[in-house]
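S.K.: One predicted model, sequence on top.
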Amino acid sequence: MLNLTGKNALVTGIANNKSIAWGIAQQLHAAGANLGVTYLPDEKGRFEKKVSELVEPLQPSLFLPCDVQNEVQLQETFDTIKDKWGKLDILIHCLAFASKDALSGDFSSVSRQDYAQAIEVSAYSLVSMSRAAKPLMAEGGSIVTLTYLGGVRVIPNYNTMGIAKAALEMNVRYLAFEMGSQNVRVNGISAGPIRTLASSAVGGILDMIHHVEEVAPLRRTVTQAEVGNTAAFLCSDLATGITGQILYVDAGYEIMGM
Ligand code: NAD
């Protein structure tokens, strides 16, 4: 049975009720996990208010600001977990960012700055978060990140984020090898296209979704809840033999050649 009672889970990447991380948080909560939630702080405090109201029904025992580009804030997040919880069982890395310019047009036109920012926020952050989580997972644990097919195939407009996802997927494998000796499993979910704040920045996202609805074996794309269910499974004792994997939750689209 899928039971996460007694597990402490940190969920990153909730921006609103369309976020994939919101779907994951709901499923982890339903399975009995004790939740901690981070949000991306902004000057006007809009994300803080919005996300705190949204997650209130899930009664997270921690609610913390964490911009992954801010090393001090990132370390403070894990220091707080150490103080309040003592241990961490589950880390959900569900965030990414690339500028709009890096997500449309000619791939080669990307600036050095936009390229570096996409990699730093979307891929390096899994490394820095895993490093901070490692000492808190001495009894084992599960780390799950979110990726997309554009990290292994060319998807028009996905451009620089595809490069970031390729790096992220290799991070999963190297981290799985390093952390396996302390029974920490690291996996990625490659989700089909879903309308969210982040995906709306990708040029032609609606066309991508319609294409999947036409040709995927299930003739539809996937929901946040379906991704959330898979994340809960990967974090549970039902998946103790799985690490270093990228699991496709995409209505089967990935198998198609034509
Ligand atoms: P979203 O906009 O709801 O979530 C993206 C999150 O990233 C936001 O909560 C945002 O605050 C956070 N973020 C951005 N920069 C940050 C920073 N510097 N520090 C901390 N957090 C930061 O969109 P989403 O689609 O739910 O994206 C979540 C993950 O799922 C991303 O990794 C995305 O690439 C991946 N994904 C999305 C799709 C899709 O079609 N929506 C498909 C496959 C994978």
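M.R.: Good, I have the coordinates.

S.K.: Identify the residues contacting the top helix by length along the chain?
M.R.: Counting residues, the longest helix found in the chain (DSSP state H) is helix 159-180. Applying CB atoms under 8 Å, 6 or more residues apart in numbering, the contact partners of helix 159-180 are 96, 98, 102-105, 107, 110, 114-115, 118-119, 121-124, 126-127, 130, 134, 137, 143, 145, 147-148, 150-152, 154-155, 185-188, 202, 243-246. Any C-beta I mention is one placed from the backbone N, CA and C, and that applies to glycine too.

S.K.: List, one by one, the residues from the stretch 101-250 of the chain near the ligand.
M.R.: Within the stretch 101-250 of the chain, the positions near the ligand by CB under 6 Å from any ligand atom are 121, 146, 147, 148, 191, 193, 194, 196, 197, 198, 199.

S.K.: So which of these belong to strands?
M.R.: 146, 147, 191 (DSSP state E).

S.K.: most neighbours, which of the residues you listed?
M.R.: Among these, the one with the most neighbours (other CB atoms under 10 Å) is residue 191, at 28 neighbours.

S.K.: List the contacts of that residue.
M.R.: When contacts are counted by CB under 8 Å, 6+ apart, residue 191 touches 20, 146, 147, 148, 222, 227, 249, 250.

S.K.: Which two among those are spaced furthest apart?
M.R.: For these, with distances taken as CB to CB, the pair at the greatest spread is 147 and 222 (13.7 Å).

S.K.: Reformat the ones in strands among the residues of the stretch 101-250 of the chain next to the ligand as TSV; add pLDDT and distance to residue 71.
M.R.: Output for those, formatted as TSV (pLDDT from 0 to 100; distance: CB to CB, whole Å):
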residue	pLDDT	distance to residue 71
146	98	22
147	98	23
191	98	28
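
S.K.: which among those residues gets closest to residue 50?
M.R.: residue 146 (20.3 Å).

S.K.: So which residue is dead centre in this structure?
M.R.: A centroid search over the chain (CA atoms, centre = their mean) returns residue 94, at 1.9 Å, as the residue closest to the centre.

S.K.: all strands for the protein, in order.
M.R.: Going by DSSP E, the chain shows strands at 8-11, 34-39, 62-65, 90-93, 141-147, 184-191, 246-249.

S.K.: Deepest in the core, which of these is it.
M.R.: strand 90-93 (a mean of 28; mean count of other CB atoms under 10 Å).

S.K.: Go ahead and confirm residue 155 touches residue 208.
M.R.: Yes: between residue 155 and residue 208 there is a contact at 7.1 Å, judged by CB atoms under 8 Å.

S.K.: Residue 206 versus the residue lying closest to residue 109 once chain neighbours are set aside, what's the distance?
M.R.: Sequence neighbours aside, residue 101 is the residue nearest to residue 109 in space, at 7.6 Å (criterion: CB to CB, 6 or more residues apart in numbering). Applying CB to CB, to the nearest Å, the value for residue 101 to residue 206 is 20 Å.

S.K.: so what's residue 26 up against?
M.R.: Contacts for residue 26 (CB under 8 Å, 6+ apart) come out as 58, 225, 228.

S.K.: pLDDT wise, what is the closest residue to the first one other than its chain neighbours at?
M.R.: Excluding the flanking residues, the one nearest residue 58 by CB to CB, 6+ apart is residue 29, at 4.4 Å. With respect to pLDDT, residue 29 scores 98.

S.K.: which stretches of this protein aren't confidently modelled?
M.R.: Counting by pLDDT under 70, the chain contains no low-confidence range.

S.K.: residues touching residue 63, list them.
M.R.: By CB under 8 Å, 6+ apart, the contact list for residue 63 reads 36, 37, 38, 39, 51, 52, 55.

S.K.: which ones are touching the third one?
M.R.: The one in question is residue 38. Applying CB under 8 Å, 6+ apart, the residues near residue 38 are 10, 11, 12, 63, 64, 65, 66, 77.

S.K.: What residues sit buried inside stretch 96-116?
M.R.: Neighbour-count burial for stretch 96-116 flags 96, 97, 98, 102, 103, 104, 107, 110, 114, 115 (criterion: 16 or more other CB atoms under 10 Å).
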